[in-house]
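Colleague: sequence and predicted structure below; questions after.
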Amino acid sequence: MQSKSNLYDLLGIEEVFTPEESPIHRFYRIKSIAERCKRCRLHSTRTQVVFGFGNIASGVMVIGEAPGGNEDIYGKPFIGKAGERFSSILKEYGIERDRDFYITNVVKCRPPKNRDPQKDEIQACEPFLVAQIKIIKPKLFLALGRYSAAWLLGLKREPSMKEIRGKILVSKFNVPLIVTYHPSTVDHARNPEWRNFALNAIREDLKLFAEKIKEIQQS
Ligand code: URA
């Protein structure tokens, strides 16, 4: 007999899980559901859904805001300027994005003109992120920017980054969480002092993140 899952309730979809379904099969089936999603207005302007990319067996998840222009075209998160900066800093610390973590966003479709994601869009997309977390079962999160930090901390408002970055917090999933500035902060900074501050802060936070990943890999 087939049983209805929590995800059925969450997504309101006419699909059922079979108890014998493997986590990987389930993951890719949820991805295919996401690819047909029309739960918010962003479906009408997207080129494609950017579900996420990376190693789902790594036990580590990085969560950003929303896809930008390049991501919308190629279907992979963090492949524009901000993503390149992020990946190259991590490489210096011995971390490879496709091998050492899974990366996704709180919102899976590009907001028009790369505007900030809206509350109802984050809410509409939430079941997909919850499903990804339930299957990946991360031992460590990295939040890139205030939207994913707020979501992972269960806060109603976006927090002040200065207060929450640079340390290990505990997410609402009871999993350790490191928060850093969104890498695009550096590109958008007009003030050179602020730009240097943000870049140094990101470097420090990613060093801590890399150390924690290595601890997880050795345990
Ligand atoms: N910014 C994000 O938050 N996510 C992406 O995938 C790309 C840019």
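Modeller: All right, it came through fine.
Colleague: residue in this protein nearest to the ligand?
Modeller: G64 (3.0 Å; CB to the nearest ligand atom). From N, CA and C alone the C-beta is placed, and that goes for glycine too.
Colleague: ramachandran coordinates for the spatially most central residue of the chain?
Modeller: In the chain, the C-alpha nearest the mean C-alpha coordinate belongs to I63, at 1.9 Å (CA atoms, centre = their mean). Phi and psi for I63, reported as degrees, to the nearest 10, are phi -130, psi 120.
Colleague: what segments of this structure are helices?
Modeller: In the chain, the helices defined using DSSP state H lie at 6-11, 23-34, 69-74, 81-92, 97-100, 119-136, 146-153, 161-164, 184-188, 192-218.
Colleague: endpoint to endpoint, stretch 165-178 covers what distance?
Modeller: One end of stretch 165-178 to the other measures 7 Å (CA to CA, to the nearest Å).
Colleague: so for it, what gets flagged as buried?
Modeller: Across stretch 165-178, burial judged by 16 or more other CB atoms under 10 Å covers R165, L169, S171, F173, V175, P176, L177, I178.
Colleague: same thing with stretch 126-136?
Modeller: Residues of stretch 126-136 classed as buried by neighbour count (16+ other CB under 10 Å): E126, P127, F128, L129, A131, Q132, I133, K134, I135, I136.
Colleague: returning to what we had before: now do the same contact list for the residue nearest to the residue nearest to the centre of the chain when sequence neighbours are not counted.
Modeller: Excluding the flanking residues, the one nearest I63 by CB to CB, 6 or more residues apart in numbering is S148, at 4.1 Å. Listed by CB atoms under 8 Å, 6 or more residues apart in numbering, the contact partners of S148 are I63, G64, E65, N105, V106.
Colleague: can you name the two of these that are farthest apart?
Modeller: Farthest-apart pair in these is I63 and E65; separation 8.6 Å (CB to CB).
Colleague: shared neighbours, these two?
Modeller: N105, V106, L144, S148.
Colleague: intersect those residues with the contacts of the ligand.
Modeller: Within the set of the shared contacts of I63 and E65, contact with the ligand (CB under 6 Å from any ligand atom) is found for N105.
Colleague: reformat the shared contacts of I63 and E65 as JSON lines; add distance to F197.
Modeller: Converted to JSON lines, the shared contacts of I63 and E65 look like this (distance: CB to CB, whole Å):
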{"residue": "N105", "distance to F197": "25"}
{"residue": "V106", "distance to F197": "25"}
{"residue": "L144", "distance to F197": "17"}
{"residue": "S148", "distance to F197": "21"}
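Colleague: format the shared contacts of I63 and E65 as CSV; extra columns: pLDDT and distance to K207.
Modeller: Formatted as CSV, the shared contacts of I63 and E65 follow (pLDDT from 0 to 100; distance: CB to CB, whole Å):
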residue, pLDDT, distance to K207
N105, 98, 23
V106, 98, 24
L144, 97, 15
S148, 96, 19
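Colleague: now flag whichever of the shared contacts of I63 and E65 is closest to T47.
Modeller: T47 has its nearest neighbour among the shared contacts of I63 and E65 in N105, at 15.0 Å by CB to CB.
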